[in-house]
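Engineer: Everything below, folded, please.
(one chain, ligands or ions: 1)
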Amino acid sequence: MPKQVPSQAQEEPIWQRISRSCRLDDRPLILFDAVDSTNTQALALAKEGAESGTVVIAQTQSNGRGRLGRTWESPKGAGLYFSIITRPPLQSKDLSKITLAVGLALRNGVAKVSAIEARLKWPNDLLFAEKKMAGVLTENDMTAGSGPTIVIGIGLNVNTTADTLPVELAARATSMYIAAGRFFDRGAVLAAVLREVDREIARLVNNDFGGILADWRANDAAYGKWLTWLTPKGQKITGLSLGPDEEGLLHIRDAGGTNHPVLSGDLEITVAR
Ligand code: BTN
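Structural biologist: Here you go, the predicted model:
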């Protein structure tokens, strides 16, 4: 019999509290049953002046967006799909640092509630046993109502079972449930991740990107491995991953010894040469 995602009544005392109060700790939380994309909604709410720290979350998304125009599969009630509206005193050039800081926060939040030691793949993937458990999509709106706004979108597969994952993703994706063999209270996971995001952004604002980078590198899934980089111009470059630098850019060194700084594009960990 196919495994069921636990119903809200079975799981999640915190989730039910969130749904009733529309707050989590001291921040506003807007919960949708179904939505196109929490990032799209958060960007619109930010334009209307939504408070910094507001979280927009949905039980499911019909058009969850990932990096490079990809879709984020959002099976109902199984994962966490949320976006944080934030206005930290940072500049748009710091966006790649924020993405790394948030990836680290996500990794640490998951570890705190589950003891799952997931690893990071630049710029925004959380991997466990080489499969993707979560991703981060950071977007900014420099024209939003109450000052420059950053929307941090996080998709985390929490109670997604192998048979609720779309077939085409099964070989590449995982969840906290698959990694730990038990279900998790999504509210508790959300609270832990939000606490860690606040912590890492505070570190960034306090000029400690060096500390974030050191922690990020200690959990880098790809360091010293061969990566194939599909550049935004469609060129394929294969090289050894040297990890991210002080600006948040990834560096890979090809077989001829040339160092390539990576700002964007698709990366795949390839078999060792
Ligand atoms: C990626 O790995 O490419 C990033 C995936 C980010 C998905 C999340 S789900 C919540 C938020 N809303 C979206 O439309 N995307 C992000």
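Engineer: what bridges to the residue in the stretch 51-200 of the chain that the ligand sits nearest to?
Structural biologist: For the stretch 51-200 of the chain and the ligand, the shortest gap (Cβ to the nearest ligand atom) falls at Gly135, measuring 2.0 Å. No exception for glycine: its C-beta is placed from N, CA and C like everyone else's. Following DSSP bridges, Gly135 is listed with bridge partners Asp125, Gly155.
Engineer: Next, count neighbours for it.
Structural biologist: A count of nearby residues for Gly135, using other Cβ atoms under 10 Å, gives 23.
Engineer: Tell me the confidence at it?
Structural biologist: Here, the pLDDT recorded for Gly135 equals 96.
Engineer: Okay, the residue nearest the centre of the chain and Arg107: tell me how far apart.
Structural biologist: Nearest to the mean C-alpha position of the chain, by Cα atoms, centre = their mean, lies Val136 at 2.7 Å. As judged by Cβ to Cβ, to the nearest Å, Val136 and Arg107 stand 11 Å apart.
Engineer: Could you do Thr99 as well?
Structural biologist: For Thr99, the distance to Arg107 - Cβ to Cβ - is 13 Å.
Engineer: Compare these two (neighbour count), which wins?
Structural biologist: Arg107 (25 against 20).
Engineer: by contact count, what packs against the helix or strand where the more buried one lies?
Structural biologist: Using DSSP states H and E, Arg107 sits in helix 95-114. Where contact means 3 or more Cβ pairs under 8 Å, 6 or more residues apart in numbering; DSSP states H and E, helix 95-114 is packed against strand 119-121, strand 125-128, strand 131-141, strand 149-156, helix 176-180, helix 186-205, helix 209-218.
Engineer: Quick one: residues in contact with the shortest one.
Structural biologist: The contact list for strand 119-121 (Cβ atoms under 8 Å, 6 or more residues apart in numbering) reads 103-104, 107, 126-128, 216, 219-222, 267, 269.
Engineer: Now do the contacts for the residue lying closest to Val262 once chain neighbours are set aside.
Structural biologist: Computed as Cβ to Cβ, 6 or more residues apart in numbering, the closest residue to Val262 that is not its neighbour in sequence is Leu250, at 4.1 Å. Contacts were defined as Cβ under 8 Å, 6+ apart; by that measure Leu250 touches 122-123, 241-244, 261-262, 267.
Engineer: Name the nearest of those residues relative to the ligand.
Structural biologist: Closest to the ligand, out of all of the contacts of Leu250 and judged by Cβ to the nearest ligand atom, is Pro123, at 9.2 Å.
Engineer: thought that closest one was touching Lys97?
Structural biologist: No - counting by Cβ atoms under 8 Å, Pro123 does not reach Lys97; the two are 10.2 Å apart.
Engineer: hang on, Ser264 packs against Lys233?
Structural biologist: No - judged on Cβ under 8 Å, Ser264 makes no contact with Lys233 at a distance of 10.9 Å.
Engineer: List, one by one, the residues from this protein near the ligand.
Structural biologist: Taking Cβ under 6 Å from any ligand atom as the contact definition, the chain meets the ligand at 37-39, 61, 64-67, 70, 72, 81-83, 124-125, 135-137, 153-155.
Engineer: In ChimeraX, how would I select just the buried ones from those?
Structural biologist: A single ChimeraX command is used to select the members of the residues of the chain next to the ligand judged buried by 16 or more other Cβ atoms under 10 Å:
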select :37,38,39,61,64,65,66,67,72,81,82,83,124,125,135,136,137,153,154,155
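Engineer: Quick check: closest non-adjacent residue to Leu242.
Structural biologist: Nearest to Leu242 is His251, by Cβ to Cβ, 6+ apart, at 4.2 Å.
Engineer: picking that back up, out of the helices and strands packed on helix 95-114, which is closest to Pro28?
Structural biologist: helix 186-205 (12.1 Å; Cβ to Cβ).
Engineer: so what secondary structure elements neighbour that closest one?
Structural biologist: For helix 186-205, the packing partners by 3+ Cβ pairs under 8 Å, 6+ apart are helix 13-21, strand 23-24, strand 55-61, strand 80-86, helix 95-114, strand 149-156, helix 209-218.
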